[in-house]
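Enquirer: next input, structure requested:
(one chain, ligands or ions: 1)
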Amino acid sequence: MQSDDERLGIGTLLSKLGRMSAEHHGFINTPTYRGSTVLFKTLDDLEQGRARYTYGTAGSPTLESLESAWTSLTGAAGTVLCPSGLGAVAMALLTALKQGDHLLVPDSVYLPTRSLCGGLLARFGVETTFYDPLLGRAIEQLVRPNTSTIFLESPGSQTFEVQDVPAITAVAARRGLKTIIDNTWATPLFFCAHQHGVDLAIEAGTKYLGGHSDLLLGLVSARAELWPALRKTHQSLAMLPGPEDCTLALRGMRTLHIRLKEAQTRGLEMARWLQAQPEIATVLHPALPSCPGHEFWQRDFTGSTGVFSVILHAGFSREGLAEMLDHLSIFAMGYSWGGFESLIVPVECRAYRTATRWQPEGWVLRLQIGLEEPADLQSDLRAGLDRLSGRRAARG
Ligand SMILES: *Cc1c(COP(=O)(O)O)cnc(C)c1O
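Expert: As a prediction, the model looks like this:
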């Protein structure tokens, strides 16, 4: 964080960051600047590019408010904005990699990131090895002469393995490798990626930063060494979000700490309640000891959010699962998370894991706990679990 702001508490910071009221007639929020062309006063100014803003793709006060706020919040040297979280993942990878490089990616990575590595990156001559997310310093054994980058995502998508980030960044530092983390679950409020030695940190702003399921946005922040390269890649691709989405993200940022605190409390309450239900075998919530890598969460994180998975006992039929999920009245099925509403989706990652064996005993469900009352959420799930177990049959 910027030195002036280092003493401030998180709520104060989130209230102050990115504000440029003096430049906007005293209005608290930076206006939503729409625009491509920016006019120059003189030939001299035009030739020299002498202006704070020169063209829509080169930035605007709206984008700058969000970028500068995120840079302070993450303690980075700079931030770029992308039109989606996956766009931010691509931006970070394209910054770090070149043809002929070898890339290490955790087996628990967000599936579209996995597809990006196996598809587009492979086509441009980058080879990916997937690794067990629970490898710490032993990841060094996978480093080859052409390895340039280690990607991390902690906790992992869907299965929530927490990684030993400091052990991995220590290996990277020793071997001169770049590191990238997808920090979407924790956000900078609950995990300080750059302070833990990571070069590029990704946030899908679509999730908790937006917080209302009404926008798509990605952010990449960089430590000093990679900031010029990140800025250059972003300028080359001109892959930016629209100004309305940045305005919504800035609005979401002002209440992020309050919403995350609620997500933490409600998420844990629901996770503990689920753990006590007879149909549930294991709860994969980073703040509970049953989650692989929980000890790293305890050591490195300052909080938990409201997304986690549960493994059901074996023996429930597909029909029973459909009965459970099709008739829920509060939880709904849909991708993404981090909004105000509760969501539930089945998780199936048996088919594509390559470095680790993922063989849960029964169905796996990922839950996003929203801001509804936990008692109502529990009634909804209990009724669903009754429908599930009412049709107990051998599972195919
Ligand atoms: C959702 C998500 C993304 C992608 O964000 P989009 O804005 O939906 O593209 C990337 N990483 C993680 C961990 C996510 O959960």
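
Enquirer: give me the number of residues near Ser213?
Expert: As a burial measure, Ser213 scores 17 neighbours (other CB atoms under 10 Å). Placement of C-beta: from N, CA and C, glycine included.

Enquirer: again, but for Val80
Expert: 28.

Enquirer: same thing with Lys98?
Expert: Using other CB under 10 Å, Lys98 has 11 neighbouring residues.

Enquirer: and for Asn29?
Expert: If we define neighbours as other CB under 10 Å, then Asn29 has 16 of them.

Enquirer: before we move on, what about the one 5 residues further on?
Expert: Other residues near Arg34 come to 11 when the count uses other CB under 10 Å.

Enquirer: going forward, the N-terminal residue is numbered 56.
Expert: Taking 56 as the first residue, the last one we looked at is Arg89.

Enquirer: hmm, Pro298 and it touching each other?
Expert: Yes. With contact defined as CB atoms under 8 Å, Arg89 reaches Pro298; the gap is 5.5 Å.

Enquirer: can you dump the C-alpha coordinates of the helix or strand hosting Thr320 into PDB?
Expert: Element membership of Thr320 [criterion: DSSP states H and E] is helix 311-330. Presented in PDB, the C-alpha positions along helix 311-330 are these (Å, rounded to 0.1, in the frame of the first residue of the first chain):
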ATOM      1  CA  LEU A 311     -16.100  -4.800  -0.100                       C
ATOM      2  CA  HIS A 312     -14.900  -5.200   3.500                       C
ATOM      3  CA  ILE A 313     -18.500  -5.200   4.900                       C
ATOM      4  CA  ARG A 314     -19.700  -7.800   2.400                       C
ATOM      5  CA  LEU A 315     -16.700 -10.000   2.800                       C
ATOM      6  CA  LYS A 316     -17.100 -10.000   6.600                       C
ATOM      7  CA  GLU A 317     -20.700 -11.200   6.100                       C
ATOM      8  CA  ALA A 318     -19.600 -13.700   3.500                       C
ATOM      9  CA  GLN A 319     -17.100 -15.100   6.000                       C
ATOM     10  CA  THR A 320     -19.500 -15.300   8.900                       C
ATOM     11  CA  ARG A 321     -22.400 -16.800   6.800                       C
ATOM     12  CA  GLY A 322     -20.100 -19.100   4.800                       C
ATOM     13  CA  LEU A 323     -18.600 -20.600   8.000                       C
ATOM     14  CA  GLU A 324     -22.000 -20.900   9.600                       C
ATOM     15  CA  MET A 325     -23.400 -22.800   6.600                       C
ATOM     16  CA  ALA A 326     -20.200 -24.900   6.300                       C
ATOM     17  CA  ARG A 327     -20.400 -26.000   9.900                       C
ATOM     18  CA  TRP A 328     -24.100 -26.700   9.600                       C
ATOM     19  CA  LEU A 329     -23.500 -28.800   6.500                       C
ATOM     20  CA  GLN A 330     -20.800 -30.700   8.200                       C
END
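
Enquirer: so which other helices or strands are in contact with it?
Expert: Judged by 3 or more CB pairs under 8 Å, 6 or more residues apart in numbering; DSSP states H and E, the packing partners of helix 311-330 are helix 65-71, helix 242-245, strand 335-339, strand 362-367, helix 429-445.

Enquirer: these: which one's closest to His80?
Expert: Ranking the helices and strands packed on helix 311-330 by proximity to His80 (CB to CB) places helix 65-71 first, at 18.8 Å.

Enquirer: and the residue nearest to Ser139 when sequence neighbours are not counted, how many neighbours?
Expert: Leaving aside its sequence neighbours, Ser139 sits nearest to Leu271 (CB to CB, 6 or more residues apart in numbering; 4.5 Å). Close neighbours of Leu271, defined as other CB under 10 Å, add up to 18.

Enquirer: dump the residue contacts of Leu271.
Expert: Pro138, Ser139, Gly140, Thr261, Pro296, Asp300 (CB atoms under 8 Å, 6 or more residues apart in numbering).

Enquirer: hmm, try it at 7 Å
Expert: Leu271 makes contacts with Pro138, Ser139, Thr261, Asp300, as judged by CB atoms under 7 Å, 6 or more residues apart in numbering.

Enquirer: what of Ser120?
Expert: With contact taken as CB under 7 Å, 6+ apart, Ser120 is in contact with Gly73, Met75, Thr85, Leu305.

Enquirer: which of these lies closest to Arg314?
Expert: Set against Arg314, the nearest of the contacts of Ser120 by CB to CB is Leu305 (14.5 Å).

Enquirer: among the contacts of Ser120, name the ones in helices.
Expert: Counted as lying in helices by DSSP state H, out of those, are Leu305.

Enquirer: farthest pair within the contacts of Ser120?
Expert: Largest pairwise distance in the contacts of Ser120, by CB to CB, is 11.1 Å, between Met75 and Leu305.

Enquirer: neighbour count for the two, which is higher?
Expert: Neighbours per residue, other CB under 10 Å: of Met75 and Leu305, the larger number sits with Leu305, 21 against 16.

Enquirer: which one is the more buried one nearest to, not counting chain neighbours?
Expert: Nearest to Leu305 is Leu121, by CB to CB, 6+ apart, at 5.4 Å.

Enquirer: give me the angle between the helix or strand the one you found falls within and helix 311-330.
Expert: Take DSSP H and E as the rule and Leu121 turns out to sit in helix 116-129. Helix 116-129 and helix 311-330 are oriented at 60 degrees to each other (axes from the mean of the first three to the mean of the last three CA atoms, to 10 degrees).

Enquirer: quick one: which of the helices and strands packed on helix 311-330 is nearest the ligand?
Expert: Among the helices and strands packed on helix 311-330, the nearest to the ligand by CB to the nearest ligand atom is strand 362-367 (8.2 Å).

Enquirer: let me know the angle separating that closest one from strand 335-339.
Expert: Here strand 362-367 points in a direction 150 degrees away from that of strand 335-339 (the same axes, to 10 degrees).

Enquirer: pLDDT score assigned to Trp413?
Expert: Listed pLDDT for Trp413 reads 88.

Enquirer: how far away is it from Glu403?
Expert: Distance from Trp413 to Glu403, counting by CB to CB, to the nearest Å: 9 Å.
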